[in-house]
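Peer 1: Can you look at this prediction? I've put the sequence above it.
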Amino acid sequence: MRRIMASQLYQLKRIRAMWMLIIGITLIFLLTVIGPLLNLERPTASLLIGQQMPLLFVMLTIMTGVVSAFLCTNDFTDQTLNHEVLSGVSRMESYFGRAIPAILVSVVLSLFWLAMAVCAADVLYGWGNQLSVQTVAAEILLTAFPLIRLSCFFVMLSFIIKRPFIVIGISCAMIYLIFQVGGSTLFNAHNYYLAGIANAFYILNTEQFGVFAAGSEHINYVLVPTVTPASAAVTVAVSLVFSAGWLLLGYSYFHHDDLK
């Protein structure tokens, strides 16, 4: 399985369509962070990050789908998987040799981009006092668990559908449904645990309060994280259970697939 994993990581630089999509997502990231430079009243980094982090995760959802889809479906199109299985490699090795790199790459890239967005905002605007650095760092690290869960879901879809752009389209449709169908009810009670995207939104979301200074029209914002230690623990537990479930479902399908 190590050779398969190493081969998948080596092939990363050859998947041009994937990197084109990732570059596009990166440019949107930059526009999100640099955009306030065009305004006369610029926010602090902590205010900008506190307000924009859920939006940034929307783009990371698509990126997770992109990486998982291409790494897991690339060898279906040229019959590499067929030859691999016929040569005596077990289906478990073929499956997890692709699933593990897909999960690692998508999650590491996502966390790296979130961290870079925070650092870029700090350099451009100064940190401010709306959120502490420790709070933002903890939120980003906790987001790794919904990201793992989403990646496992896309891995399962990739082995079933075998077409990368269909899987990417599903990731975009998921976001549309979250906004258009789910609405605010996803963040009520414990509903956010059931959907990986909503769970991440809850982690990165903040309650915002505006404070008016006497004799001034300027508003000072106070941001309060919505996540608590208890909900963080549930996030970790539910994400791990769902991640294992998606991976096992994907392997169960692949184990009986005729690879045609």
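Peer 2: Received the coordinates, thanks.
Peer 1: Tell me how many other residues surround Val234.
Peer 2: Residues lying near Val234 (other Cβ atoms under 10 Å) number 15. Where C-beta positions appear, they are placed from N, C-alpha and C, glycine not excepted.
Peer 1: Would you state the predicted confidence (pLDDT) at it?
Peer 2: pLDDT, Val234: 86.
Peer 1: pretty sure it is in a helix, no?
Peer 2: Yes: counting by DSSP: H, G, I helix; E, B strand; the rest coil, Val234 is part of a helix.
Peer 1: That one and Leu131: what is the separation?
Peer 2: 22 Å (Cβ to Cβ, to the nearest Å).
Peer 1: Could I get the contacting residues of Arg91?
Peer 2: 85, 251, 254-255 (Cβ atoms under 8 Å, 6 or more residues apart in numbering).
Peer 1: From those, list just the buried residues.
Peer 2: Those of the contacts of Arg91 that meet the buried threshold are 85, 251, 254, by 16 or more other Cβ atoms under 10 Å.
Peer 1: now the last one, what's its secondary structure?
Peer 2: The three-state label for Phe254, taken from three-state DSSP, comes out as helix.
Peer 1: okay, it: pLDDT?
Peer 2: pLDDT for Phe254: 91.
Peer 1: and if you look at the first one?
Peer 2: Confidence per residue is given as pLDDT, and for Val85 that number is 80.
Peer 1: Quick check, it in contact with Leu259.
Peer 2: Yes: contact criterion Cβ atoms under 8 Å: Val85 and Leu259 qualify, at 6.7 Å.
Peer 1: residues near Ser46, how many?
Peer 2: Ser46, neighbours per other Cβ under 10 Å, totals 25.
Peer 1: what secondary structure does it sit in?
Peer 2: When classified by three-state DSSP, Ser46 comes out as helix.
Peer 1: Ala121 versus that one, what's the distance?
Peer 2: 8 Å.
Peer 1: same question, Leu55
Peer 2: 13 Å.
Peer 1: who touches the nearest residue to Leu21 once chain neighbours are set aside in this structure?
Peer 2: Spatially, and ignoring its direct neighbours in sequence, Leu21 is nearest to Val66 (4.9 Å; Cβ to Cβ, 6 or more residues apart in numbering). The neighbours of Val66, taking Cβ under 8 Å, 6+ apart as the test, are 18, 21-22, 25, 164, 168, 171.
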